[in-house]
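Asker: Build the 3D model from these lines:
(chains A and B)
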Amino acid sequence: MKLKLENIKISYPGKFTLNADLELKQGEFHTFLGPSGCGKTTLLRIIAGFNTPDSGRIYLDGKDITDLPPEKRSISIVFQDYALFPNMNVEKNIAYGPETQHWPKDKIKTRTKELLEAVELPGYEKRKIETLSGGEKQRIALARAIAVNPALLLLDEPLSAADEKLKASLKAQIVETHRKNKLTTIYVTHDQEEAMTISDRISVFRRGNIECTGTPQEIYFKPKTLYTAKFVGQSNIIEGTVSSAGDLVEVRCTQGQIFKVQNRSYKYSAGDRVTLFFRPECCTAANGTEDNIIKGRIVDRIFYGRFYTCTVQTPMGLLTVYDTYPFHMDMAECSLTVSPDDIILFSE
Amino acid sequence: MKETRLPLLFLFLIPFLLLILFFYVPVITVFMTGFSKEGLVSVLGDSYCRKICLFSLEQGALSTFLSAAIGFPGAYILAKYTFRGKGFLKALITVPFVLPPIAAVLGIVLLIGNNGIINRALMALTGAAEPPLKVLYSLKAILIAHTFYNIPLFIRFVYPVWEKIPKSLYEAGRSLGAGKVRLFYTVTLPWITSAVVASCALIFVECFMSFSIVLVLGGGPQYSTMEVEIYKLARTTSHIAKACALGGLETLFALVFISIYTAAGHREQRYSGSAGRNEEVPLKSLSMAHSIPALLYVLFLLLYVALPMVTIAFNSFTGNGRWGLSGGFTLNWYTSFAQPVMYRPVLNTVFIAVSTVICAVLLSLVIAAVISRWPKGSFLVQIFFFASLAISSILLGLGYLLTISKLGFRPNGKILLVAVHTAAVLPFTIKAVSLFYSRINRRCIECAQSLGARPLRILWTVKLPMIKNGIFTAGIFAFAVSAGEVNGALMLSPEGFTTMPVAIYRLIGAYRFYQACAMGTVLLLICIAAFYAIDRLGEVSL
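Answerer: Modelled structure (predicted):
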């Protein structure tokens, strides 16, 4: 089902005001990414019907659901703490939605069995909730949420309580469930890696506003705002002034270094103060013939197995670069380059 | 929350109006009558009334002092040492919490009465013709009964706090050169002061407002308290204004000590954050000079708490005319339950107690729901519904009699009795239900909503199963308290309607002790079973 959020507004005096306009395609896996307290869970709860917006409309497949109570929206939710009913066993938990919708008993039984197999917990029907591990509880919560074939599935930080190993397996489970059921899904997280690896599109939140929406690749390499650039992954930021603007924009930094940047918007002219941004992996060792050669000295190296993260002291300040295997940067003077295509400009 | 608050607020009006009608109107009527010029002059200008006020305070203070002084070593031993039977002792000292006072009175009469077990044993030992121990119908008897109840209460309050003093505090003190005495004053005492003050305030209020113990064991006007005098004035004379004035003054005193209890409880919360666990030492590892006094104390405590109860049960199976040891085994007193005079009180008690359970649980459910959904107002709601803690059943009963006489019609006495019992248990039942209600995971309810469940289905399938232990705890507690309550029953029972505690009171008055014991044993079993059930359901401190 398609979801459309139109001018959603809700204000929490003294905290923040949430503003959201968003459209989700049928079957899309969409992630709300942002730090704690930025409004992503609030928006999720508005979509589910637990919070009422001050203004704006919510459309599910063209139908206005803004004034419908949660039980009539056909939107299922999985919470961080699973929220399984402790007074029911696994089977009863999964069957709760179908029973509420008065499905025939044999259909409920078949559906429960099928879902338990799908989440790789066959034979768990009679197990009590308190006997399940965290991972098992998460799978049952997922099975319960999709049992009624909801129009929309909401996942509120479902992996934040899991350890790294469990996270990987649950993430695979969620992706698999989404792939099989083609459910339009909204996933809330503050974990960038989770968001990058799991999503079709990501919305980055900042103090109640959706700062930027795009595919993980767009968000990472071509962020639309400086906040997104800084929030997602590691970044190198340099201040400068535009000295000329053609197909390539030339930016002079405070220390005299000149950077050539691909002109994407043709909105800059000489004298504009700008901020240059590029990712550490866009920075490579120079052989002396490229544009944008940066001279510096490596002051710190941290080993991550497949690569080193190097901190380079340059006239423009500290930059972060990755030295990938076979390693060729040592703690000495170095000469780096970054392609004009890989640098993004932001107005100050 | 997309949840309308309107139906709940309408539902809330039911307990609100019921409490106004059955609690605030009668209580305010008593205060208005009592604090009139006529009422106050009749009490303050009467030397007998002044003496009664002073005696109420005096016996309350003495009972509190003795309970704390005798209980203090008990709290220390339970906090510091492990020994065989410690679990049993801990369970035993909780039983008086739910033991109806009239049953305790019966047990104490059988133990220390002129013809009681102790006097008979002493007479057999010494060959004396007269009972050597003449304590019944005196201040001593009242103090014995009050300490029977309140030594365990003091220990129950203080030892759990004492045992949570972190071992590291003592180690830090010792490393800085403090000796045992300095450690006691600088570590132990500050830590347990709140618990000691809170328990003493509670003990004082209980003893100050004690009714059936003073009524039976005091024996007459010389040892009468305000509570007993209110009852006598209301039931046997027509000095209603005087009774109301006494009731008003009694409530003022009670409020002062309840405030102390509450304030001490708040202070204790400051310490609970850093609570740890001290190291318990096996008692047998101590030297004889230390372990023998401790063992003797434990033995004394066991006998002091268990003997009255054991005596009741023992006497209910014996008898051939004289009390106690000489009688052979018999089930006569239990077979007498086939007679209406014995079985009717049981049926009446069950009827009143079940009605109280239904009223208290339903009201508590609504109030707990309001408290959970309206956290900002929960303090006010609690004050409104917890006010009955400071009002005795006798005073509330007096309020009913007074209001009825003003209205000119008499409602069914059973309804009034259920109302008195419900008002008495409501603070505890609200607490029990609220505790579980507050733990309901809101996300479970939201999940149920998102899966299409409507409010009634959510209530039935999610909320009620999650709070069922709270409901059972509240219900069992309400049943036990109602079954053992004698004050309201004596004030309000309609003609010919007798509950078990009233029947025991009358059987004691008629010197039919064996039948009283049989009925007392049944009541005792009900209360112990109730307490055991509450303990198993867990977590609610009553």
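
Asker: need the residues of chain A near chain B, please.
Answerer: Listed as neighbours of chain B in chain A under the rule Cβ under 8 Å from any Cβ of the partner chain: A:48-52, A:69-77, A:79, A:81, A:83-88, A:96-97, A:100-101, A:144-145, A:147-148, A:150, A:154. The C-beta positions use only the backbone N, C-alpha and C, and glycine is treated the same way.

Asker: show me where pLDDT drops low in the stretch 401-542 of chain B?
Answerer: Low-confidence segments of the stretch 401-542 of chain B, defined by pLDDT under 70, are located at B:538-542.

Asker: re the thing from before, could you tell me which of the residues of chain A next to chain B belong to strands?
Answerer: Using DSSP state E, the members of the residues of chain A next to chain B that fall within strands are A:75, A:76, A:77, A:154.

Asker: Show me the shaky parts of the stretch 151-300 of chain B.
Answerer: Within the stretch 151-300 of chain B, the stretches with pLDDT under 70 are B:266-278.

Asker: Strands of that one, start to end?
Answerer: Here the stretch 151-300 of chain B has its strands, by DSSP state E, counting those that start in this stretch, at B:281-282.

Asker: do the stretch 51-200 of chain A as well
Answerer: With DSSP E, counting those that start in this stretch as the criterion, the stretch 51-200 of chain A has strands at A:55-60, A:63-64, A:75-78, A:152-156, A:184-189.

Asker: Give the rounded mean pLDDT of the third one.
Answerer: Okay, so that is strand A:75-78. Rounded to a whole number, the mean pLDDT of strand A:75-78 is 92.

Asker: any residues touching it, and which ones?
Answerer: Residues lying outside strand A:75-78 but in contact with it, judged by Cβ atoms under 8 Å, 6 or more residues apart in numbering or on different chains, are A:44, A:47-49, A:60, A:97, A:138, A:141-142, A:144-146, A:148, A:150-156, A:158, B:446-447, B:450-451.

Asker: Residues of chain B that sit close to chain A?
Answerer: Within chain B, the positions near chain A by Cβ under 8 Å from any Cβ are B:1-2, B:441, B:443-444, B:446-454, B:457, B:461-462, B:465-466, B:468.

Asker: Can you flag which of the residues you listed belong to helices?
Answerer: Per DSSP state H, helices hold the following members of these: B:443, B:444, B:446, B:447, B:448, B:449, B:450, B:457, B:465, B:466, B:468.

Asker: Tell me how far the last one lies from residue B:435.
Answerer: Relative to residue B:435, residue B:468 is positioned 13 Å away (criterion: Cβ to Cβ, to the nearest Å).

Asker: Which one's more surrounded, the two?
Answerer: Set residue B:468 next to residue B:435 and count neighbours by other Cβ atoms under 10 Å in any protein chain shown: residue B:435 wins out with 18 against 13.

Asker: Pretty sure that one sits against residue B:470.
Answerer: Yes - at 6.0 Å, residue B:435 and residue B:470 qualify as touching, with contact defined as Cβ atoms under 8 Å.

Asker: Mind giving me the packing neighbours of the helix or strand hosting residue B:505?
Answerer: Element membership for residue B:505 (DSSP states H and E) is helix B:500-509. Applying 3 or more Cβ pairs under 8 Å, 6 or more residues apart in numbering or on different chains; DSSP states H and E, we find helix B:500-509 packed against helix B:101-112, helix B:212-217, helix B:340-373, helix B:468-484, helix B:487-492, helix B:513-537.

Asker: in the longest one, what's buried?
Answerer: Just to be clear, that refers to helix B:340-373. Of the residues in helix B:340-373, B:342, B:344-346, B:348-350, B:352-357, B:359-361, B:363-373 count as buried by neighbour count, 16 or more other Cβ atoms under 10 Å in any protein chain shown.

Asker: same check, this time on stretch B:511-523
Answerer: Under the neighbour-count criterion of 16+ other Cβ under 10 Å, stretch B:511-523 has B:512, B:513, B:514, B:515, B:516, B:517, B:518, B:519, B:520, B:521, B:522, B:523 buried.

Asker: how far is it from where the chain is centred?
Answerer: 21 Å (Cα atoms, centre = their mean, to the nearest Å).

Asker: Can you give the contact residues for that stretch?
Answerer: Outside of stretch B:511-523, the residues within contact range by Cβ under 8 Å, 6+ apart are B:100, B:102-103, B:106-107, B:109-110, B:312-313, B:315-316, B:318-319, B:323, B:332-334, B:336-337, B:342, B:345-346, B:483-484, B:500-501, B:503-504, B:507-508.

Asker: what residues are up against residue B:449?
Answerer: By Cβ under 8 Å, 6+ apart, the contact list for residue B:449 reads A:49, A:50, A:69, A:70, A:71, B:458.

Asker: can you list the residues that contact stretch A:42-56?
Answerer: Stretch A:42-56 is touched from outside by A:3, A:5-12, A:18, A:20, A:32, A:58, A:65-66, A:68-70, A:73, A:75, A:77, A:152, A:154, A:156, A:186, A:188, A:205, B:1-2, B:446, B:449-450, with contacts defined as Cβ under 8 Å, 6+ apart.

Asker: Pick out the residue in the stretch 151-300 of chain A sitting closest to chain B.
Answerer: Relative to chain B, the nearest point of the stretch 151-300 of chain A is residue A:154 (7.9 Å; Cβ to the nearest Cβ).

Asker: I'm done for today, thanks for sticking with me.
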